[in-house]
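Trainee: Fold the following.
(2 chains)
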Amino acid sequence: MTLMGCSRRSLLIGAGAAVLATPALAQRAWEPTRPVQFIVPAGTGGGADQMARVIQGIVSKHKLMRQPMVVVNKAGGAGAEGFLEAKGARGNPHMIVITLSNLFTTPLATGVPFSWGDLTPVAMLALDEFVLWVNAESPWKTAQEFIAAAKQERLKLGGTGSKQEDQIIGVAMAKATGANLTYVPFRGGGEVAVQLVGRHIDASVNNPIEAVTHWRSGALRPLCVFDGQRLAGTEKITETASWSDIPTAKESGMDVEYLMLRGIFMPAGVQPAQLAFYEDLLGKVRETQEWRELMQQGAFNTTSLTGEAFRAWLTREEARHRGLMQEAGFVA
Amino acid sequence: MEEFGLLMQGFAVALEPQNMLLMLVGVVLGVLIGVLPGLGGANGIAILLPLTFAMPPVSAIIMLSCIYWGALFGGAITSILFNIPGEPWSVATTFDGYPMAQQGKAAEALTAAFTSSFVGAFVAIVMITFIAPVIAGFALRFGPPEFFAVMFLSFASFVGMSKGPALKTVCAMMLGFLLAAVGMDTVTGQLRMTFGSTEMIRGFDFLVAVIGLFGISEILCSIEDGLRFKGQRAKIDLKVVLRVWASLPRHWLLAMRSALIGCWMGITPAGATPASFMSYGVARRMSKNGASFGKGRIEGVIAPETAAHAAGTSALLPMLTLGVPGSPTAAVLLGGLIMWGLQPGPMLFTEQKDFVWGLIASMYLGNIAGLLVVLVAVPWFAAILRVPFSIIAAIILVVCAIGAFTVSNAEFDITLMLIFGVIGYVLKKLDYPLAPLVLALVLGDRTEEAFRQSLLISEGSLGVFFSNWLVSTIMAAGFALLLWPLISWLRGLLPGLPARRVRPA
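Mentor: Below is the predicted model of the structure:
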């Protein structure tokens, strides 16, 4: 019933627009006629959820869109639930989905059939960094010391979920150095950080935003960042250190690099004008002060891509994840 | 006494007319949200969050946390009137609240529920005010083994509370564990028991199951009874509130014990739902008239409500001090903090004093406002039961369906709810207790996870559950509660000791 009502209404609006405007103008100025569902394929409180809610807040605060944006968490099956919903909504321009690495890892680990090819890529908003953290009371001051200790005795590495990005990094670290790490999965990044503060685990690879407050309070210590270059932030986060003081993994003698996609997708089969609307909307979001603050707080890598460049990046990353997952023995 | 001065400043902020108004709006919205099963505090706050971005952070969090209090209050209403828990933590309230309503004592049950909610929250707020930093440090001691031990204690305190035969209780509990295992397994990252169905990926949401098992099956039973609804004779009397209040001081010990259980579970952070179950189980165990629980005892309403509210309140503490939410609602609030430019975590108490103490002051005032709002409404809520059941049953069905749908915006869940309704009806007819099933369904997943995380950490050694004083104490308490019926029974067998009949679990 609801569906029929809606389609009839949009039909009427469409007919009205066709009468009033020239076809060329109507094509260019598409905008949502219904509330936009913003799907988060992860639980409440995590990095993707936080980012989605900040975007929702920015859009409503700066009135960037006439229709409301509604964030919906579809976390079931490591995000498979949310991706399947977007895959099934072919041609629906009133749905967008934010992705994390589970776009690549979940189909490989669980065999649930979906890939980014089932969706329309809109934009890469940022890349999330990974940092190796240990408790500030632990004796390890550098990544080398930590790895040396992990060769002597088995150390516990905590992370979010299983067969996902955190564990991939753990396996890559072990492969690159011969360290002896046991991976302990938890539900969310915030939980992992607190377990590390409580010394129930020996290390974590939390995203900066998940652990920064514990760093500032002096409970955690960053050892290295899994990026090709150092983090950008040069202002002091603690009394003595800034994000850019953290060495890269490569500088620490560990050839491990991993960044996580924070990107926006739409269902497949949408019109170019509809895609253009969201590209434009996200461009405006990225220019706001609130967005810049979020990027700074979370020490994000602010690389942004759209169109062909984004597609090329996705193709490359998908292949790389397949390789990483196969090497680690995570493919179902 | 620095805290006291800061708290007074906080009151000054919270008592600004604009903030008082937001508080009232928040409480009323929260009660409405709590009444609708499935909508829940987390969803409600998520929907309203964007509205608050234009406000100053203190005003925003005052309004949102008042929605939270309102939802905590509101959850009890449908549990008592229709046996449909509006929120997961109100399930235990149905055990005695609904029988009370059937006996025409709905107003008494509602008053007791609201008042004890208030008491629970108040104890928790006082604790947050004065010993927050100490407690926050304590929460850090909880790793997977400690978490499992707390869960074990919840189950242990619950064993023997069910009235059914022991074997049926165990069967129901196992069914709950089985249902809880469906979906994604966090530890291995594999899907379990989904049989290739994409709808099953989500697993069975606790609320969908509970709305079906309790609400729908109750309607089926009432239809079988010829659409007679026993609550119709409810007397509506404005003095009922005062009458119940006069009788409540007798239960102060019970209330304090339940509040402590609640605070403990809120901080650990196991949350409000296990707190309410555990408190109910302990109250039944400690009572001289344990056997009459479940037949409409007022203690059976006081215990879970006090604990749930105490836990719900103290769950905000780990969020503020550690940045880890103690409940889904707190998780959404956490997102809000970041949007307002605040960074939750250990630095919040030192860097944002005005905000933290404004929030704490609003907890005091918001709860008082909440209590007033719901108490004034008690006669009206109770009057709902006077509507003929043939009309109200249809409305309940619609509200249940909306509730089941809202949990994860899935139509499949409505079908699932109806299936659970039929299962609940059959189990009731066969005299299987539903409570152990629900307990296992809500806690099973987290319990299993904590157990397996512990074993990963210890490389498979069970000794990890006795590796320090904290976890050993909790485990020992759990075993004592588990074996208590057996011990009492053995003591009864010994000659010379006064024989006290205790039904073994």
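Trainee: any idea of the pLDDT on B:Ile47?
Mentor: At B:Ile47, the pLDDT value in this model is 70.
Trainee: what helix or strand does it sit in?
Mentor: When elements are defined using DSSP states H and E, B:Ile47 is found to belong to helix B:40-48.
Trainee: On the pLDDT front, check the one residue in the stretch 401-505 of chain B that gets nearest to chain A for me.
Mentor: Nearest to chain A in the stretch 401-505 of chain B, going by C-beta to the nearest C-beta, is B:Leu456, at a distance of 5.0 Å. From N, CA and C alone the C-beta is placed, and that goes for glycine too. With respect to pLDDT, B:Leu456 scores 94.
Trainee: Tell me the secondary structure at it.
Mentor: Local secondary structure at B:Leu456 is given as helix here, using DSSP: H, G, I helix; E, B strand; the rest coil.
Trainee: tell me the contacts of the residue lying closest to it once chain neighbours are set aside?
Mentor: Nearest-residue entry for B:Leu456: A:Val184, 5.0 Å, with adjacent residues in sequence omitted and distances by C-beta to C-beta, 6 or more residues apart in numbering or on different chains. Shown in contact with A:Val184 (C-beta atoms under 8 Å, 6 or more residues apart in numbering or on different chains): A:156-159, A:201, B:144, B:453, B:456-457.
Trainee: which one of those has the most neighbours?
Mentor: Within the contacts of A:Val184, neighbour counts (other C-beta atoms under 10 Å in any protein chain shown) peak at A:Gly158, which reaches 31 neighbours.
Trainee: so what's that one bridging to?
Mentor: Here A:Gly158 sits in beta bridges with A:Val184, A:Ser204, going by DSSP bridges.
Trainee: in the helix or strand where B:Ala310 lies, what counts as buried?
Mentor: Using DSSP H and E, B:Ala310 sits within helix B:299-314. With burial defined by 16 or more other C-beta atoms under 10 Å in any protein chain shown, the residues of helix B:299-314 counted as buried are B:299-314.
Trainee: could you point out which element follows the helix holding B:Ile47?
Mentor: The element immediately downstream of helix B:40-48 (helix or strand, assigned by DSSP H and E) is helix B:57-82.
Trainee: how distant is the helix or strand that that next one is followed by from the center of its chain?
Mentor: Beyond helix B:57-82 on the C-terminal side, the first helix or strand identified by DSSP H and E is helix B:91-102. For helix B:91-102, the distance from its own C-alpha centre to the chain's C-alpha centre is 14 Å (C-alpha atoms, centre = their mean, to the nearest Å).
Trainee: Roughly how far does the residue of the stretch 401-505 of chain B closest to chain A sit from A:Leu157?
Mentor: Spatial separation of B:Leu456 from A:Leu157 under the definition C-beta to C-beta, to the nearest Å is 11 Å.
Trainee: Give me the common contacts of these two.
Mentor: Among the neighbours of B:Leu456, those also in contact with A:Leu157 (C-beta under 8 Å, 6+ apart) are A:182-184.
Trainee: quick revisit: restrict the buried residues of helix B:299-314 to contacts with chain A.
Mentor: Among those, no residue sits close to chain A (C-beta under 8 Å from any C-beta of the partner chain).
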